[in-house]
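Asker: Dropping a prediction and its sequence here:
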Amino acid sequence: MKFDVLVIGGGNAALCAALMAREAGASVLLLEASPREWRGGNSQHTRNLRCMHDGPQDVLVDSYPEEEFWQDLLKVTGGITNEKLARLVIRASSSCRDWMRKHGVHFQPPLSGALHVARTNAFFMGGGKALVNAYYRSAEALGVQIRYNAPVDAIELDKGRFVAARIGSERIEARTCVLAAGGFESNREWLREAWGQINGEWVADNFLIRGTRFNKGTLLKFMIDAGADAIGDPTQAHMVAIDARAPLYDGGICTRVDCVSLGVVVNSHAERFYDEGEDFWPKRYAIWGRLVAQQPGQIGYSIIDSKAIGRFMPPVFPGVKAASLPELAQKLGLDEQTFMRTLNDYNAACRVGTFDHAVLDDCHTEGLTPSKTHWARPIDTAPFYAYALRPGVTFTYLGLKVNEQAAVHFGGEPSPNLFVAGEMMAGNVLGKGYTAGVGMSIGTAFGRIAGTQAAQAAMKIKQKDTEYAAA
Ligand SMILES: Cc1cc2nc3c(=O)[nH]c(=O)nc-3n(C[C@H](O)[C@H](O)[C@H](O)COP(=O)(O)OP(=O)(O)OC[C@H]3O[C@@H](n4cnc5c(N)ncnc54)[C@H](O)[C@@H]3O)c2cc1C
């Protein structure tokens, strides 16, 4: 059977596309690279999506107007974003929740420990795993055909038009296709190539992957090599500083270390290297993976004292604990003298005003490089704690260029029947940086657009075929 719409991928973007295409009346086949038990890509690890709203709405308090969302995005990306596409995502984020509910997704107010996001982010009850399961259930009920263990390795194209997908020697034809196969974060070779070597060491060899092992970028590479227009820089990614003891894949949310803004971070030379209090943690956590990646040996150490305990969501592994700072240095294997100089300089430079972790407070350092601009309090109250940090790659930003119809482009021309959604095109909106929850906003908006467009294009093709057969 030739399907109207072929969806490649099995995460949020793919499922949104499959559901929309099916709702529009198209026959749909979804190909997921992973086995059933690992289905859902990085989406299974998510917790929330960022939503614009002009007033209180179900689980969201106050308001988060379009302009504020846009300014947040502009700030974190440093302007490397496409305003038209970004605003499309922002507007779509205000109206998608009813559709999501219809397909079985439930929302809940954030639990305590969520990061200043009660106003901006809607949380999925049961997390991304429950969301993905709900979408699969709904897709199956609607008649979407699903195949697991189906890693597509090539696409047959005819002058920018999709013809068929290939899994080894198997060939799967369809009238239209949506690519939603994630980034290339699980492809170590590609990460190596992008990040290169420092002092003879491959920087990327010290990266951990927070999500799925199935996002190898096979189709992204294939499409770029086949002449599809690309956007973004291969070294740009959502990269969080995570517990160095996290597993290589699928450590998920519980390995994130969220106490950076409450203390200081030093590198393997026991020296600070960045302003830990630059901005609220949800707006800054995604730069710390990158900052640690730029340090010798790609390792950092987040240092706090007992005043910080209870003010952040603790990671799954307990921190290294010590009764004194010199003891902490010894336990971490850091040069004690340098460590104490760094900590003493920091402590002496703190100008403590009114500490308030919920606002950009006036606790800051003076005469220290780098400075700490908020939440700067001396680290002086035992016991002391440390977490070793490694770069944890969430997803890469290099992707395929799209227009408002989510069409893949070749030499600036949109394909009539090939569309792309999710991480595979997130770089159109996210040139760099991140603001919590926007990955799912992008995937949901463009997944839904891609599915609708693919269904429409398939109907047109079908009609033409029928007319041709009748003539
Ligand atoms: C730990 C963690 C927490 C996160 N938390 C949040 C959050 O709370 N909010 C938020 O907005 N974002 C969050 N993100 C980011 C978010 O996961 C992504 O932005 C989003 O899930 C992307 O959806 P996607 O469908 O494009 O990709 P994915 O969900 O990764 O799906 C890609 C799919 O493609 C499949 N695939 C890959 N290659 C092939 C192939 N060749 N053939 C067939 N199938 C293939 C994979 O198996 C997978 O099913 C988080 C990510 C991680 C890792």
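Answerer: Yes, it's here.
Asker: Work out the sheet partners of the longest strand along the chain and label each with its direction, please.
Answerer: The single longest strand within the chain, with elements called by DSSP state E, is strand 384-396. Neighbouring strands of strand 384-396 in its sheet, by DSSP bridges, are strand 208-209 (parallel), strand 237-243 (antiparallel), strand 300-305 (antiparallel), strand 320-322 (antiparallel).
Asker: near the ligand at all, it?
Answerer: Yes - on the criterion C-beta under 6 Å from any ligand atom, strand 384-396 is in touch with the ligand at 394, 395. Glycine gets a C-beta too; all of them are placed from N, C-alpha and C.
Asker: thinking again about what came up before, out of the strands paired with strand 384-396, flag the one nearest residue 125.
Answerer: Comparing those against residue 125 with C-beta to C-beta, the closest turns out to be strand 237-243 (23.5 Å).
Asker: any idea how far that closest one is from the chain center?
Answerer: The chain centroid and the centroid of strand 237-243 are separated by 10 Å, computed with C-alpha atoms, centre = their mean, to the nearest Å.
Asker: Likewise for stretch 331-339?
Answerer: Offset of stretch 331-339 from its chain centre (C-alpha atoms, centre = their mean): 34 Å.
Asker: before we move on, back to that, would you format the strands paired with strand 384-396 as JSON lines with mean neighbour count included?
Answerer: Below are the strands paired with strand 384-396 laid out as JSON lines (neighbours: other C-beta atoms under 10 Å):
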{"stretch": "strand 208-209", "mean neighbour count": "23"}
{"stretch": "strand 237-243", "mean neighbour count": "27"}
{"stretch": "strand 300-305", "mean neighbour count": "27"}
{"stretch": "strand 320-322", "mean neighbour count": "16"}
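Asker: Quickly, which of these bottoms out on average pLDDT?
Answerer: Here the lowest mean pLDDT among those goes to strand 237-243, at a mean of 92.
Asker: on that earlier part again, quick one: closest of the strands paired with strand 384-396 to the ligand.
Answerer: Between the ligand and these, the tightest spacing by C-beta to the nearest ligand atom is seen for strand 237-243, at 6.7 Å.
Asker: For the host helix or strand of residue 139, list every residue counted as buried.
Answerer: Following DSSP states H and E, one finds residue 139 within helix 127-142. By neighbour count on 16 or more other C-beta atoms under 10 Å, the buried set for helix 127-142 is 127, 128, 129, 131, 132, 133, 134, 135, 136, 138, 139.
Asker: cool, stretch 333-346 as well?
Answerer: 334, 339, 340, 342, 343, 346.
Asker: and which of the residues you listed is nearest the ligand?
Answerer: Nearest to the ligand among the buried residues of stretch 333-346 is residue 334, at 28.3 Å by C-beta to the nearest ligand atom.
Asker: distance of that closest one from residue 384?
Answerer: Separation of residue 334 from residue 384 (C-beta to C-beta, to the nearest Å): 13 Å.
Asker: How about residue 428?
Answerer: Using C-beta to C-beta, residue 428 is found at 44 Å from residue 384.
Asker: next one: residue 425
Answerer: Using C-beta to C-beta, one gets 44 Å for the distance from residue 425 to residue 384.
Asker: and what of residue 416?
Answerer: Going from residue 416 to residue 384 by C-beta to C-beta gives 62 Å.
Asker: So which of the two has more stuff around it?
Answerer: The residue with more neighbours, out of residue 416 and residue 384, is residue 384; 26 against 14, by other C-beta atoms under 10 Å.
Asker: what pairs with that one across the strands?
Answerer: residue 305, residue 322.
Asker: so what's it up against?
Answerer: If you count contacts by C-beta atoms under 8 Å, 6 or more residues apart in numbering, residue 384 has them with 303, 304, 305, 306, 321, 322, 323, 324, 325, 327, 328.
Asker: picking that back up, next secondary structure after the helix holding residue 139?
Answerer: Later in the chain than helix 127-142, the nearest helix or strand by DSSP H and E is strand 145-147.
Asker: In that following strand, which residues are buried?
Answerer: Here strand 145-147 shows 145, 146 as buried, counting by 16+ other C-beta under 10 Å.
Asker: Output the contacting helices and strands for it.
Answerer: Secondary-structure packing of strand 145-147 (3 or more C-beta pairs under 8 Å, 6 or more residues apart in numbering; DSSP states H and E): strand 28-31, helix 127-142.
Asker: Swap in 10 Å and give it another go.
Answerer: Applying 3 or more C-beta pairs under 10 Å, 6 or more residues apart in numbering; DSSP states H and E, we find strand 145-147 packed against strand 3-8, helix 12-23, strand 28-31, helix 127-142.
Asker: Just the helices from this structure, written as ranges.
Answerer: 12-23, 66-77, 83-92, 96-102, 127-142, 188-195, 218-225, 281-284, 288-293, 325-332, 336-349, 438-470 (DSSP state H).
Asker: If I average pLDDT within each of those, which one is lowest?
Answerer: Out of those, helix 281-284 stands lowest, with a mean of 79 (criterion: mean pLDDT).
Asker: Now do that one: everything it contacts.
Answerer: 50, 72, 75-76, 114-117, 120-121, 258-262, 274-278, 288, 291, 312, 357, 375, 433-437 (C-beta atoms under 10 Å, 6 or more residues apart in numbering).
Asker: What is the distance between that helix and the centre of its chain?
Answerer: From the chain centre to the centre of helix 281-284 is a distance of 13 Å (C-alpha atoms, centre = their mean).
Asker: Just checking it against the ligand, any contact.
Answerer: No - figure legend: helix 281-284 not in contact with the ligand (C-beta under 6 Å from any ligand atom); closest approach 10.3 Å.
Asker: For that helix, buried residues please.
Answerer: The neighbour-count check on helix 281-284 (16+ other C-beta under 10 Å) flags 281, 282, 283, 284 as buried.
Asker: Of those, which is the nearest to residue 380?
Answerer: Nearest to residue 380 among those is residue 281, at 22.2 Å by C-beta to C-beta.
Asker: and the gap between that closest one and the ligand?
Answerer: 14 Å (C-beta to the nearest ligand atom, to the nearest Å).
Asker: can you check residue 387 too?
Answerer: To the ligand, residue 387 is 17 Å away according to C-beta to the nearest ligand atom.
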